[in-house]
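# this is the structure alone, sequence omitted:
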């Protein structure tokens, strides 16, 4: 488990799982929490049961579709969205990832928390900005933590991806460097952490923590869809405790 190192108020609890400590077998070994990746359902249930022991309630598992949709926990069953938030104690916002960027949010007062799944499509479409807006607190009061995602030396993208970001924020150009390989179509290496920081800054969020891990290269700790294809999913989760 990874416990975010950030100055969140004491009532905010959060964690990110790794691939270690579960019952799934190769290629999902071992703490896979995704129920849509071909793993044995009983193994996923056992892993989720182990996770549940560390939580105040069952997480709000989203049907993630690489969108910018944000939902409030408890408003609809099995929501199709890529971020959730809550102001209620004991409710758990969660996202699943295996290279995409998980982002956890809270405000300094500890009145609202949120979790967002930011693949490049959702990031470009504004899932982080939509999450900030849904929290309905001044952006300057929000803290954001960037969980483990694919690193800048492994995240190869095409020129269309670069253009999608640079067209919105010119500062995003600094998050791309030319890929050393040659070919008919130029390729780029993208820093998804930097892209998230640019967009959060433009949304008014300046207190940003985390970043720097690489799901692609740290195979013992993390699942990576780009590295393995068939693989498991980690969870990033956040909730408000009953009291300080």
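Received the coordinates, thanks. These numbers were taken from a predicted model, which means no experiment stands behind them.

# beta-bridge partners for the nearest residue to residue 55 once chain neighbours are set aside, please?
Spatial nearest neighbour of residue 55, chain neighbours left out: residue 92 (5.4 Å); criterion: CB to CB, 6 or more residues apart in numbering. For the C-beta atoms, the positions are set from N, CA and C on the backbone; glycine is no exception. Counting by DSSP bridges, residue 92 is bridged to residue 239.

# residue 92 against residue 57, yeah?
Yes - checked against CB atoms under 8 Å, the pair residue 92 and residue 57 is within contact range at 5.6 Å.

# compare those two (neighbour count), which wins?
When residue 92 and residue 57 are compared on other CB atoms under 10 Å, the one with more neighbours turns out to be residue 92, at 25 against 13.

# report the separation between that one and residue 61.
Relative to residue 61, residue 92 is positioned 10 Å away (criterion: CB to CB, to the nearest Å).

# measure the residue nearest to residue 55 to residue 58 for me?
Where residue 58 is concerned, residue 92 sits at a distance of 7 Å (CB to CB).

# can you check residue 228 too?
Note on residue 228: its distance to residue 58, by CB to CB, is 28 Å.

# of these two, who's got more company?
Regarding residue 228 and residue 58, a neighbour count based on other CB under 10 Å identifies residue 228 as having more, with 16 against 12.

# strands of the chain, residue ranges please.
Assigned by DSSP state E, the strands in the chain fall at 12-16, 70-72, 83-86, 92-97, 101-107, 113-118, 142-146, 156-158, 176-178, 187-190, 207-210, 234-240.

# mean neighbour count, these: which tops it?
With neighbours taken as mean count of other CB atoms under 10 Å, those reach their highest mean count in strand 113-118, at a mean of 29.

# which residues does the nearest residue to residue 94 once chain neighbours are set aside contact?
Take residue 94 and drop its neighbours on the chain: the residue closest to it by CB to CB, 6+ apart is residue 59, 3.7 Å away. Residues near residue 59 by CB atoms under 8 Å, 6 or more residues apart in numbering: 51, 92, 93, 94, 235, 237.

# what residues does the last one make contact with?
This points to residue 237. Under the criterion of CB under 8 Å, 6+ apart, the contact partners of residue 237 comprise 14, 15, 16, 55, 59, 92, 93, 94, 115.

# excluding its backbone neighbours, what's nearest it?
Leaving out its chain neighbours, residue 237 is closest to residue 94 (CB to CB, 6+ apart), at 4.4 Å.

# please verify my assumption that the one you found contacts residue 62.
Yes - at 7.4 Å, residue 94 and residue 62 qualify as touching, with contact defined as CB under 8 Å.

# please enumerate the shared neighbours of the two.
residue 84.

# contacting residues for residue 141?
Neighbour list for residue 141: 107, 108, 109 [criterion: CB under 8 Å, 6+ apart].

# so what's the second one closest to, chain neighbours aside?
Once its chain neighbours are removed from consideration, residue 108 has its nearest residue in residue 141; the separation is 5.0 Å (CB to CB, 6+ apart).

# residues near the closest residue to residue 34 other than its chain neighbours, how many?
Beyond its immediate neighbours in the sequence, the residue positioned closest to residue 34 (CB to CB, 6+ apart) is residue 233, lying 3.2 Å away. A total of 24 residues lie near residue 233 under the criterion other CB under 10 Å.

# so residue 233 touches residue 96, yeah?
Yes - proximity of residue 233 to residue 96 meets the contact threshold set by CB under 8 Å, at 4.1 Å.

# intersection of neighbour lists for those two?
With contacts defined as CB under 8 Å, 6+ apart, the residues shared by residue 233 and residue 96 are 33, 34.

# tally up the residues packed near the nearest residue to residue 39 once chain neighbours are set aside, please.
What sits nearest to residue 39 in space, not counting adjacent residues and going by CB to CB, 6+ apart, is residue 28, at 4.4 Å. Residues lying near residue 28 (other CB under 10 Å) number 26.
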